[in-house]
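*Asks:* Sequence and predicted structure, then a few things I'm wondering about:
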Amino acid sequence: MTDLTRRFFLTRSAVLGCSLAASPLLTPVTFAAAPWDTRLIVIILRGAMDGLDAVQPYGDASYAGLRSSLAGGPQNGAMDLDGFFALHPAMAALAPMWKAGELGFAHAVSTPYRDKRSHFDGQDVLEAGTDTLQGGVRDGWLNRMLQEVPGVEADTAYAIGMSEMPILKGKAPVANWTPEATLSLSPQAERLLGMISESDPAMHAALAEAALLSAADAPAMSGNMARDMQEIRKGGQHLKIAEFAAKRLREDARVASFSLNGWDTHRFQERGLKAALGELSDTLVHLKQELTGPVWGKTAVVAMTEFGRTARENGTGGTDHGTGGLMVMAGGAIKGGKVYGDWPGLRESDLYEGRDLMPTRDVRAHAAWIMQAMTGLDKATLERVIFPGLDMGSNPGIVL
Amino acid sequence: MRAFQPEFAEMRFGCGLSPVIAPIASVEAMLAGITAPDAMAQRFPIEPFSTFRERMVASDELRTTLRANRGKPEAKEAQKERNLLKKQARIDMTHWLGLSMLRRTYTETGFFERLVYFWGDHFTATGKAGVVKRATSPYIEDGIRPFVGGRFADLLISAVTHPVMLQFLDQDRSMGPGSERAQKRGKTAGLNENLAREVMELHTLGVDGPYTQDDVRQLAELFTGLSFQPKQGAKFRKDYVEPGAETVLGVTYDDAYSIKPVHAVLEDLSVHPATARHLSWKLAVHFVSDTPDPALIDHVTARYIETEGDLMQVYAALLEHPAAWTSEGANIKPPVEFVGSAMRALAVDPAVVAEMPEKRVRNVLLTPMAVMGQTWQKFSGPDGWPEEDDAWLTPQGLSGRVRWAMAGPEMLRPDLPDPRAFVDTALGSFAPEDVKFAAGAAESKSEAIGLVLMSPAFQRR
């Protein structure tokens, strides 16, 4: 081994917190054994999902008056869930999961973010897991969870997709990857790249991680750029992500997080939401299908959004930014077949500021109880470290 | 470095170094380039929206034919033609991507091209359905580009009232609940507050600005009437206007059934101190560093307030401050800039790019940039692309950069330059010793070029 090689490897190992002897470039795929056995998948629904259209409170006397072009309920093709709520027809593929008790919802939930209704601040609060953005917390709550559990290695948690996942940012090691990213370089080019990037620690670390994760992945790319780019353009990005997440979670990964976009339905919501909900259902169905054997039974999938949308339909067949929203839960570990939460009602006086679904519970409380059941973390850590300032309240009993 | 230096100016504020174009000579020349005749627009013409609109008219006419002839052969023919229109717009969009990159490759006024990108991103907009989905370049061409050297108020008015923006942020169908039209249409017609919110949150005051939900609502009511018709472009619809005066940030605007109060409120927002600070901060973050010296932001903000948003003065304030020329914490280039500056260093033959078929543009430019994290003109929201380095310095994004750096240049320029000379072309007097060594030690020309392009000295600016 030349000095340069050695230096790149050493730096790479330091970055990833594993010893030189265990470097995957010397002995491919030698990640550590998994620290625990349950699987947690957190999906961030960016753009603010209209919870009132996804899980429709058709049993509420005020509901029909608020929605005209977006009228819901079983009479409009939605699947009745419990005599009060009905599931949007675009999620019909989830019917078997609901019947099997592997799909549940928490309605009228929100983060503590209020009033300005900015997507970007709303997502920042959701992923920081804090009360406000003022406290100077820079890491994401899912990363803080990893900091509190033992045995976390470089491949325990995956942030998947092309865009950033602030929810997983922080001190605990996290693999950032997407199935299209596979890199294959000649050994000489890799050594030289290691050398010239050394002066830039942030770049060097990201390149080292790219090389490591590529080494652990089957080479999906042919090396011919034109052909590879055509392959990448073939659709179903969300399914590719689900498949990749499942592949990792079947092995040593225990946590995965990714985003689904397309929820900002200010107009023609009928069309826009159908597409987004379709992607969400296909993703969940795909995860179940790919998390084979006993793995699905130990899995909890949680999908959260920055806030809900206005209770009233707006003037363009859509909805504007609101407050209370919906959380979606799936997996064999979830006690599903139920819509959790205290329903606030939809009369004018029930609404937040006369316009939005009133949140009756902090969405973090549900996430905290799920994590408590999945990882055994104690309540004090969850309320002080992972979600600082949260009152978890009583246990809703979401996890089996 | 604490002051202007030609190569550094070209890398930080321009489109990078070129083997055929000398670096800019002075700050005065950088500024003069903004208001000089637009040589790149002439040499690499991109269709303005005023022309692009005709595609929408044609598409609408075909839809009318289609609807009038359901079940008949005429309808089938119209559908076919309509699909062809859509396809042509898609092909042209990739062509304009190539031309945008050629402008970066051959501009002698790089700061101007960068400002067009900056403001085009600040006012992110794209059509939502049909041919107009491909109208982002045309929108930038006549809605943004001619305005980057004027008053911010004029740029703001141009962008916010542009048909593409009105569609992107759902303004064109928003009606006051008490408007003539909504009264006739009944329950389903009414307000949409999307544009009003983003104008205050993103375009002017910033999310920490002093506005409330009531201001958003009032501004949405004030904006009613802004609409467009493919046949005539922007159109003010009196029958959409919410009757009564509106009050935004404590100022009451006339109850006029015209675009006047819209212009008045945008003028007021454009000179608000919160807007001055928000835009000065954003310029500093974009051009200098994720964490710019607060003194730089103060300096630019003061000039903004003093000149009521005269952008030429604002840019001059940015360029004259020593903190704009420090290399610490230099930003990583976003993929569009990385690829553009690489093409510039390679002096890619314009004919090669201008004549590339759609599929090849996708294989060589569009999809590789998507893998780096930036899908050309496909935005996840109205806030445009991230400025923070963290968003780009991901393993997957860098992996995409490495792959393109090693294989893309050869597809754009089969006769690759000598890598040892290319180090100097691309990095000038800033070429580090280790990069010079790597360029000579690589196994192949394409890998050597790729290594130069992947060096931190090239990736950051």
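*Replies:* Looks like it came in fine.
*Asks:* Could you find the closest non-adjacent residue to residue 79?
*Replies:* Just so you know, I chose chain A. A:Leu87 (4.4 Å; CB to CB, 6 or more residues apart in numbering or on different chains). Using the backbone N, CA and C atoms, a C-beta is placed for each residue, glycine as well.
*Asks:* let's do chain B instead
*Replies:* B:Gln79 sits nearest to B:Leu66 (CB to CB, 6+ apart), 5.8 Å away.
*Asks:* Over to that neighbour. Which of the three states is it?
*Replies:* helix (DSSP: H, G, I helix; E, B strand; the rest coil).
*Asks:* burial measure for it, as a count.
*Replies:* Burial of B:Leu66 is recorded as 18 neighbouring residues (other CB atoms under 10 Å in any protein chain shown).
*Asks:* Same check on B:Val300?
*Replies:* B:Val300 has 28 neighbours, counted by other CB under 10 Å.
*Asks:* Equivalent analysis for B:Gly98, please.
*Replies:* Counted with other CB under 10 Å, B:Gly98 comes out at 24.
*Asks:* Quick check: it touching B:Val353?
*Replies:* Yes: if you go by CB atoms under 8 Å, B:Gly98 and B:Val353 touch, sitting 4.4 Å apart.
*Asks:* I'd like to know how far the residue nearest to B:Gln79 sits from B:Lys72.
*Replies:* Separation of B:Leu66 from B:Lys72 (CB to CB, to the nearest Å) stands at 10 Å.
*Asks:* for the stretch 151-300 of chain B, what are the low-confidence residue spans?
*Replies:* B:187 (pLDDT under 70).
*Asks:* so where do the strands sit in it?
*Replies:* In the stretch 151-300 of chain B, the segments counted as strands under DSSP state E, counting those that start in this stretch are B:226-229, B:233-236, B:246-248, B:251-253.
*Asks:* Tell me which of those strands approaches chain A most closely.
*Replies:* strand B:226-229 (11.8 Å; CB to the nearest CB).
*Asks:* Contacts for the closest one, please.
*Replies:* B:161, B:163, B:166-167, B:171-174, B:195, B:234-237, B:240, B:259, B:262 (CB atoms under 8 Å, 6 or more residues apart in numbering or on different chains).
*Asks:* In it, which residues are buried?
*Replies:* By neighbour count with 16 or more other CB atoms under 10 Å in any protein chain shown, strand B:226-229 contains the buried residues B:226-228.
*Asks:* same question, stretch B:296-315
*Replies:* With burial defined by 16+ other CB under 10 Å, the residues of stretch B:296-315 counted as buried are B:296-297, B:299-301, B:303-305, B:307, B:309-315.
*Asks:* Only C-alpha atoms, please: export it in PDB.
*Replies:* Taking C-alpha atoms only, stretch B:296-315 is exported to PDB below (Å, rounded to 0.1, in the frame of the first residue of the first chain):
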ATOM      1  CA  LEU B 296     -20.900  42.700   4.800                       C
ATOM      2  CA  ILE B 297     -24.600  42.200   5.200                       C
ATOM      3  CA  ASP B 298     -24.900  45.500   7.200                       C
ATOM      4  CA  HIS B 299     -23.000  47.300   4.500                       C
ATOM      5  CA  VAL B 300     -25.100  46.000   1.600                       C
ATOM      6  CA  THR B 301     -28.400  46.500   3.600                       C
ATOM      7  CA  ALA B 302     -27.500  50.100   4.300                       C
ATOM      8  CA  ARG B 303     -26.900  50.800   0.700                       C
ATOM      9  CA  TYR B 304     -30.100  49.100  -0.200                       C
ATOM     10  CA  ILE B 305     -32.100  51.200   2.200                       C
ATOM     11  CA  GLU B 306     -30.300  54.400   1.100                       C
ATOM     12  CA  THR B 307     -30.900  53.800  -2.600                       C
ATOM     13  CA  GLU B 308     -34.400  52.300  -2.200                       C
ATOM     14  CA  GLY B 309     -33.300  49.100  -3.700                       C
ATOM     15  CA  ASP B 310     -31.300  50.300  -6.700                       C
ATOM     16  CA  LEU B 311     -29.800  47.000  -7.500                       C
ATOM     17  CA  MET B 312     -26.700  48.400  -9.300                       C
ATOM     18  CA  GLN B 313     -25.800  50.300  -6.100                       C
ATOM     19  CA  VAL B 314     -26.500  47.100  -4.100                       C
ATOM     20  CA  TYR B 315     -24.100  45.000  -6.200                       C
END
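*Asks:* Now B:Ala25: which helix or strand?
*Replies:* Assigned by DSSP states H and E, B:Ala25 falls within no helix or strand.
*Asks:* sorry, that was for B:Asp424
*Replies:* Assignment of secondary structure by DSSP H and E places B:Asp424 within helix B:419-427.
*Asks:* Mean confidence (pLDDT) on that helix, please.
*Replies:* Average pLDDT, helix B:419-427: 97.
*Asks:* which SS state does A:Val328 fall under?
*Replies:* strand.
*Asks:* and the residue nearest to it when sequence neighbours are not counted, how many neighbours does it have?
*Replies:* Excluding its sequence neighbours, the residue lying closest to A:Val328 (CB to CB, 6+ apart) is A:Ala303, at 4.0 Å. Neighbour count for A:Ala303, taken as other CB under 10 Å: 21.
*Asks:* now the one 10 residues further on
*Replies:* Here the number of neighbours of A:Glu313 (other CB under 10 Å) works out to 24.
*Asks:* From what I see, it and A:Gly65 are in contact.
*Replies:* No: the pair A:Glu313 / A:Gly65 is not scored as a contact, 10.2 Å apart, by CB under 8 Å.
*Asks:* Near B:Pro417, how many other residues are there?
*Replies:* Neighbour tally, B:Pro417, other CB under 10 Å: 19.
*Asks:* rewinding a little: for the residue nearest to A:Val328, helix, strand, or coil?
*Replies:* Under the three-state scheme (three-state DSSP), A:Ala303 adopts strand.
*Asks:* any idea how far it is from B:Leu266?
*Replies:* A:Ala303 is 38 Å from B:Leu266, by CB to CB.
*Asks:* so which helix or strand takes in A:Ser259?
*Replies:* Counting by DSSP H and E, A:Ser259 is part of strand A:255-260.
*Asks:* re the thing from before, so which of the buried residues of stretch B:296-315 belong to helices?
*Replies:* Among the buried residues of stretch B:296-315, the ones falling in helices (DSSP state H) are B:296-297, B:299-301, B:303-305, B:311-315.
*Asks:* Which pLDDT value goes with the nearest residue to A:Leu351 once chain neighbours are set aside?
*Replies:* Distances taken as CB to CB, 6+ apart put A:Ala311 closest to A:Leu351, at 5.5 Å, once the chain neighbours are dropped. Listed pLDDT for A:Ala311 reads 98.
*Asks:* Report how many residues lie close to A:Ala311.
*Replies:* 28.
*Asks:* who are the neighbours in contact with it?
*Replies:* Taking CB under 8 Å, 6+ apart as the test, what A:Ala311 contacts is A:52, A:66, A:322, A:346, A:351, A:355-357.
*Asks:* pLDDT and distance to A:Ala106 for those residues - can I get that in JSON lines?
*Replies:* Formatted as JSON lines, the contacts of A:Ala311 follow (pLDDT from 0 to 100; distance: CB to CB, whole Å):
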{"residue": "A:Leu52", "pLDDT": "98", "distance to A:Ala106": "14"}
{"residue": "A:Leu66", "pLDDT": "96", "distance to A:Ala106": "21"}
{"residue": "A:Gly322", "pLDDT": "97", "distance to A:Ala106": "16"}
{"residue": "A:Leu346", "pLDDT": "98", "distance to A:Ala106": "17"}
{"residue": "A:Leu351", "pLDDT": "98", "distance to A:Ala106": "19"}
{"residue": "A:Arg355", "pLDDT": "96", "distance to A:Ala106": "21"}
{"residue": "A:Asp356", "pLDDT": "97", "distance to A:Ala106": "17"}
{"residue": "A:Leu357", "pLDDT": "98", "distance to A:Ala106": "12"}
